[in-house]
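1. Compute the structure for the input listed below.
(chains A and B)
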Protein chains: 2
Amino acid sequence: MTGCPFASRRGFLAGGLAGGLAAGLAGVARAAPQGDVPRDAPPADAAAKGITAASQGPGRQESVPFRGARQAGILTPLQSHTYFAAFDLTTTRQAEVAALLARWTLAAEHMARGEAAQPDSPAPAPDPGADPAIPPRPRPAGDSGEAFGLAPARLSVTFGFGAGLFVRDGQDRYGLASRRPEALVDLPRFNGDQMQEARTGGDLSVQACADDPQVAFHAVRQLARIAGGVAVLRWVQSGFSANFAANDTPRNLMGFKDGTQNPLSRRPEESVGGAVRPATKDAVWVGEDGPAWMRGGSYLVVRRIRVALEHWDATDTEFQEQVMGRHKVSGAPLGGTSEFDPLDLDAVDADGNSVIPDTAHVRLAAAASNGGADMLRRGYSYNDGVNMVAERWPPWRQGLEYDSGLLFICYQRDPRAGFIPVFEQMSRLDMLNQYVTHTGGGLFACPGGAQGNGFIGQGLFEA
Amino acid sequence: MTGCPFASRRGFLAGGLAGGLAAGLAGVARAAPQGDVPRDAPPADAAAKGITAASQGPGRQESVPFRGARQAGILTPLQSHTYFAAFDLTTTRQAEVAALLARWTLAAEHMARGEAAQPDSPAPAPDPGADPAIPPRPRPAGDSGEAFGLAPARLSVTFGFGAGLFVRDGQDRYGLASRRPEALVDLPRFNGDQMQEARTGGDLSVQACADDPQVAFHAVRQLARIAGGVAVLRWVQSGFSANFAANDTPRNLMGFKDGTQNPLSRRPEESVGGAVRPATKDAVWVGEDGPAWMRGGSYLVVRRIRVALEHWDATDTEFQEQVMGRHKVSGAPLGGTSEFDPLDLDAVDADGNSVIPDTAHVRLAAAASNGGADMLRRGYSYNDGVNMVAERWPPWRQGLEYDSGLLFICYQRDPRAGFIPVFEQMSRLDMLNQYVTHTGGGLFACPGGAQGNGFIGQGLFEA
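-> As a prediction, this is how the structure comes out:
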């Protein structure tokens, strides 16, 4: 098996240029050493490649450091694309799980810098607990190469642990059952749930986000490859966020601004509409309330939510606004005039009816309607083409429906105080339920970031 | 039904700003009249929205004119995303087909400018041949809004006609059978084809390309909505092209540069690697050889090609290079050192074996191997997640495979001198067939562009 011949995507290219086109391109020779490019420096061969700030999209050349006290991809400003993957563990041995996470950590660290997944990384250290009769796993193949020459594109890779890492079918698979955090509950079935087994759950989660769809997919594809024999893909979902201007709240596929109440869209961490919501950090990060390995971590709830766009598109704009509780054009709450007007949930009209209907989405989702329950959303739209459907009632129509909607992603300190109570209420009352169907998802405990030379989740295995 | 309240996506936003946030934003008041923004001018409210050239991706603010002697989306430099759709006609009347194309033309013209699909467009003129007992179709609902606030993103919408517009099941459905171009053949079954009926054919095709996935999908979604009662979606496929630098040949999901021999990737129309291929225009555009309504048009072949990435990723790089006939890193032909080295198909090694294998992809695809047969490719990668597969032989493995690969798109003057003979040979001999499966597609006659006040394909109906 031929390994990856070049460590850095940029160095890789520089090597190619040196071989064939380097005449006169002195800049190439000054490229930083492979694998040691300062993270925020422009690519050393930018001039040679004709890259300028203006010819690249926002932040495409930027990299997001993988290591840190907290995982990237939670408060990181939303990248334009995601590829989310859940994995099932197939090994029976804890040490192999830990070794996988160590390999994934190294690969993610490299890829976040814009390098190949495994540039000259050593083979995993021999496992002292391994059965000597079983030969060591072969070294994985090299990087598949489709990201060679692409900028880091702000790739973030965020790892999470599903309940199955601790207990599955009543079995303590890896001796970790006693370390399962209380907050990592089994999600209840909500009213209207149509969860498909093949799109639900998973022992491990990987959320790859980048400003390039090929970079996000590349990351998961490398992780899936180097998981060989230890974990396999269970379900995946790609998503995107449209290129709205940096200060615009993006519109989702329903045509409404989505995220006005949310501190995270494409804005800096703390700012929303010019205002700061200091409670956000408290709502997101696990503190002393969780086990040590979860401190600085967060709980991820992901839901694949189909939106009946054909139904929505046949709905009056005025009724759409009643459903959402906001005006479509401005994003203002009903009764208001601009997007960031405060939500006045008590306002009534001349007849005494709520201006924002009792079953409007914005009311039911508001922290004020949920005892302050809060969460950080970083959702994407998804677009999986069309499905054939046939109605079983007159006039027995059949045809295509869009398989498109929302890849809902949220992070919170404790889902029992975040997603679960909020969605418990929404799932029963929200008018939006006429248009949306939850078809898959999961809950994952995302530990704190990898620091020093540690690997993601290392504290769990050493607890 | 509430119509679209604002004609222009930018005017729409300016209106929203004027209502709520305009204080001090004098630039907004100077916005160009709605629907009359010069195509190449920066958005009038760019300053108000904080948009600068550097904060937008390449070309996102540019628009591609819809009208012209030729349709956009053929020689237009490749946009980053596509949403391709094939429609089946459900009407029985030629006049309704023509009226649909007239509505689609207007909608596409507006959307290409960054406006809503139907800004104040009049209801379709009464059809003199209509049965007076049947009430006219209701005016379609307004634009669904998810592109409001987005730049034009170089949207191009390219229309094509499938064989079913002329003849289906032996029926001359619309009195057009005698006008079917000879070149609009029924594609043969090729060796290895695994074409799925639900992803093949269609009476009409729409290729929407844009530098934003939401803009491309928005376009098809509006066209599908205003087709109500006349045509329905048959199949769709989204695709993307990674953000390689403007002068780099993009790598596809197999990790190889794809398009070295092709004049169209992200480069200007006529330039490839600094060289010009003057034969391209002759190979693409229908001339005196076609019916008058096809002059300046082209024939589109689209194929959904799954690539077994899990298999490919487990293949030695060296064998991958033998399959492709090129080096993975540099893109150089085997035996060469740089990407644009000429293909030397006659070169042999010391043992007399071909340096570029007889069954290498690059050899079989080359015009020189096909009597000069040439075509213009503008393919995209696609990524539809994963499929569950189960092998029916030992060791009876089951698991997920990527449903990912290439949305192959090519344009040519005559498919009998382009795709058909080339792929006839490739489908039998190409080593790449070990890794790829054609699962859907079609052949469509794309007429010349809409000029003056005409609509796409008008000449066909007036012939």
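
2. What helix or strand is whichever residue of the stretch 301-450 of chain A sits closest to chain B located in?
-> Per C-beta to the nearest C-beta, residue A:338 is where the stretch 301-450 of chain A lies closest to chain B, at 2.7 Å. Placement of C-beta: from N, CA and C, glycine included. Take DSSP states H and E as the rule and residue A:338 turns out to sit in neither a helix nor a strand.

3. How about residue A:103?
-> helix A:94-112.

4. Wait, a helix at residue A:407?
-> No: counting by DSSP: H, G, I helix; E, B strand; the rest coil, residue A:407 falls outside a helix, being strand.

5. That one bridge partners, please.
-> Beta-bridge pairing of residue A:407 under DSSP bridges involves residue A:304, residue A:380.

6. From residue A:251, how far off is it?
-> Separation of residue A:407 from residue A:251 (C-beta to C-beta, to the nearest Å) stands at 16 Å.

7. And the helices in the stretch 201-350 of chain A?
-> Counting by DSSP state H, counting those that start in this stretch, the stretch 201-350 of chain A has helices at residues A:213-226, A:279-284, A:309-312, A:317-324.

8. Could you dump those into CSV and include distance to residue A:103?
-> Listed next are these as CSV, based on distance: least, C-beta to C-beta, whole Å:
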stretch, distance to residue A:103
helix A:213-226, 5
helix A:279-284, 28
helix A:309-312, 40
helix A:317-324, 44
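
9. right, and residue A:149 touches residue B:244 too?
-> Yes: the pair residue A:149 / residue B:244 is scored as a contact, 5.9 Å apart, by C-beta atoms under 8 Å.

10. Common neighbours of these two, please.
-> residue B:251 (C-beta atoms under 8 Å, 6 or more residues apart in numbering or on different chains).

11. near chain B, which residues of the stretch 301-450 of chain A show up?
-> Within the stretch 301-450 of chain A, the positions adjacent to chain B are A:309, A:312-314, A:316-318, A:328-332, A:337-339, A:341, A:381, A:383-386, A:388, A:399-400, A:402, A:404 by C-beta under 8 Å from any C-beta of the partner chain.

12. at 6 Å instead, please
-> A:313, A:316-318, A:328-330, A:337-338, A:383, A:385-386, A:399-400 (C-beta under 6 Å from any C-beta of the partner chain).

13. Would you mind giving me the PyMOL syntax to select the buried ones in these?
-> The PyMOL command for the buried members of those (criterion: 16 or more other C-beta atoms under 10 Å in any protein chain shown) is given here:
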select buried, chain A and resi 313+317+328+329+330+338+383+385+386+399+400
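
14. Can you lay out the residues of the stretch 301-450 of chain A next to chain B as JSON lines showing pLDDT and distance to residue B:175?
-> JSON lines is the format used below for those (pLDDT from 0 to 100; distance: C-beta to C-beta, whole Å):
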{"residue": "A:313", "pLDDT": "89", "distance to residue B:175": "32"}
{"residue": "A:316", "pLDDT": "87", "distance to residue B:175": "38"}
{"residue": "A:317", "pLDDT": "90", "distance to residue B:175": "39"}
{"residue": "A:318", "pLDDT": "91", "distance to residue B:175": "43"}
{"residue": "A:328", "pLDDT": "94", "distance to residue B:175": "43"}
{"residue": "A:329", "pLDDT": "92", "distance to residue B:175": "44"}
{"residue": "A:330", "pLDDT": "94", "distance to residue B:175": "49"}
{"residue": "A:337", "pLDDT": "95", "distance to residue B:175": "55"}
{"residue": "A:338", "pLDDT": "93", "distance to residue B:175": "55"}
{"residue": "A:383", "pLDDT": "97", "distance to residue B:175": "37"}
{"residue": "A:385", "pLDDT": "96", "distance to residue B:175": "33"}
{"residue": "A:386", "pLDDT": "96", "distance to residue B:175": "30"}
{"residue": "A:399", "pLDDT": "89", "distance to residue B:175": "26"}
{"residue": "A:400", "pLDDT": "93", "distance to residue B:175": "28"}
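
15. so where's the stretch 201-350 of chain A uncertain?
-> Low-confidence segments of the stretch 201-350 of chain A (pLDDT under 70): A:263-280.

16. And the strands in it?
-> Under the criterion DSSP state E, counting those that start in this stretch, strands of the stretch 201-350 of chain A are mapped to A:204-210, A:231-240, A:271-272, A:275-276, A:298-307.

17. which helices and strands sit right next to the second one?
-> Using 3 or more C-beta pairs under 6 Å, 6 or more residues apart in numbering or on different chains; DSSP states H and E as the contact criterion, the neighbours of strand A:231-240 among helices and strands are strand A:81-89, strand A:380-390, strand B:380-390.

18. List the contacts of stretch A:197-210.
-> Residues from elsewhere that reach stretch A:197-210 (C-beta atoms under 6 Å, 6 or more residues apart in numbering or on different chains): A:73, A:79, A:81-89, A:153, A:155-158, A:160, A:162, A:164-165, A:216, A:219-220, A:223, A:234-235, A:304, A:440, A:442, A:444.

19. Just confirm the residue of the stretch 301-450 of chain A closest to chain B contacts residue A:332, I think it does.
-> Yes: counting by C-beta atoms under 6 Å, residue A:338 does reach residue A:332; the two are 5.2 Å apart.

20. what do these two both touch?
-> In contact with both residue A:338 and residue A:332: no residue, using C-beta under 6 Å, 6+ apart.

21. Not counting its neighbours along the chain, what's nearest the residue nearest to the spatial centre of chain A?
-> Centroid-nearest residue in chain A: residue A:207, 3.9 Å away (criterion: C-alpha atoms, centre = their mean). Distances taken as C-beta to C-beta, 6 or more residues apart in numbering or on different chains place residue A:158 nearest to residue A:207, at 4.3 Å, with adjacent residues excluded.

22. Out of the strands of the stretch 201-350 of chain A, which is the most enclosed?
-> Mean neighbour count (mean count of other C-beta atoms under 10 Å in any protein chain shown) peaks for strand A:204-210 among those, with a mean of 28.

23. Tell me, how many residues neighbour the one residue in the stretch 51-200 of chain A that gets nearest to chain B?
-> Among all residues of the stretch 51-200 of chain A, residue A:145 sits closest to chain B, at 2.8 Å; criterion: C-beta to the nearest C-beta. For residue A:145, the count of nearby residues is 26 (other C-beta atoms under 10 Å in any protein chain shown).

24. Mind checking the helices of the stretch 201-350 of chain A for the one nearest to residue B:195?
-> Proximity to residue B:195 (C-beta to C-beta) singles out helix A:213-226 among the helices of the stretch 201-350 of chain A, at 25.3 Å.

25. average model confidence for the next helix or strand after the helix holding residue A:103?
-> Counting by DSSP H and E, the next helix or strand C-terminal to helix A:94-112 is strand A:156-161. Computed over strand A:156-161, the mean pLDDT rounds to 98.

26. So what touches strand A:156-161?
-> A:64, A:71-73, A:76, A:108, A:205, A:207-209, A:219, A:300, A:444-446, A:456.

27. Just name the closest of those to residue B:426, please.
-> Among the contacts of strand A:156-161, residue A:219 lies closest to residue B:426 (C-beta to C-beta), at 31.7 Å.

28. Now do the contacts for that closest one.
-> Per C-beta under 6 Å, 6+ apart, neighbours of residue A:219: A:111, A:157, A:208.

29. ok, so of the residues you listed, who is nearest residue A:349?
-> The closest of the contacts of residue A:219 to residue A:349 turns out to be residue A:208 (C-beta to C-beta; 46.8 Å).
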